[in-house]
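# next comes the sequence, and after it the predicted model I'd like to discuss.
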Amino acid sequence: MLSYRHGFHAGNHADVLKHIALVALLRNLARKDKPLLVVDTHAGAGMYSLEQGFAVRNAEFRGGIGALWERSDLPEPVADYLDQVRAVNPDGVLRQYPGSPRIALGVLRPQDRLRLFELHSTEGAILARQFAQEGRRVTVTAG
Ligand SMILES: C[S@@+](CC[C@H](N)C(=O)[O-])C[C@H]1O[C@@H](n2cnc3c(N)ncnc32)[C@H](O)[C@@H]1O
């Protein structure tokens with residue numbers, strides 16, 4: 001049985017570093033017209049509330065995305081990443097944090113595809129619900 005819940009750590013400094021690299025990598029790969037297939041083998045839940053639930057217990061996000069949220073002087077790759085987080089917080093208040101699947105989808109083009117795997121049944125169900133409307137472009141596998 002899996003006990004790890006990424007919600008405790010969503011948006012912390014490690015997530016920020018990892019997701020800045022993810023956005024930069026995908027931007028680079030997308031410089032060619034050729035379609036991409038992105039496979040996220042450990043996808044998590046895909047979206048995390050920063051206002052309630054796991055994330056507020058230790059508030060790890062305060063030392064990660066919380067430290068960047070108000071900044072407007074960031075280098076381009078960091079600002080590009082931050083735009084992905086801002087896209088899911090349209091009223092300008094940091095309420096939720098996108099996981100790697102949502103961040104990847106924000107960068108991918110119409111011709112690209114995203115394949116997601118998640119073993120934890122609860123996380124996987126949240127993930128599947130979230131991407132149910134995306135059609136064939138995104139597939140979610142419980143496994
Ligand atoms: C660090 S979290 C995912 C974070 C996510 N990639 C992100 O950046 O937002 C790792 C996830 O992998 C899942 N997991 C662990 N072992 C797995 C496996 N063998 N196959 C698929 N998912 C797995 C866990 O349930 C957990 O949700």
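Done, it's in. Numbering: from 1, shown residues only.
# SS state for D33?
Here D33 is recorded as coil under DSSP: H, G, I helix; E, B strand; the rest coil.
# which residues are in contact with it?
Q111 (C-beta atoms under 8 Å, 6 or more residues apart in numbering). (Each C-beta comes from the backbone N, C-alpha and C, glycine too.)
# with the one 4 residues further on instead?
L37 makes contact with 112-115 under the criterion C-beta under 8 Å, 6+ apart.
# give me the mean pLDDT for stretch 72-92.
Summarised as a single mean, pLDDT over stretch 72-92 is 97.
# check what contacts it and list those residues.
With contact meaning C-beta under 8 Å, 6+ apart, stretch 72-92 is reached by 11, 16, 19-20, 23-24, 27, 47, 65, 68-69, 71, 94-98, 102-103, 106-107.
# quick check: the residue most central in space within the chain vs H13, distance?
The chain has G99 as the residue nearest its centroid, 2.3 Å off, counting by C-alpha atoms, centre = their mean. Per C-beta to C-beta, to the nearest Å, G99 is found 16 Å from H13.
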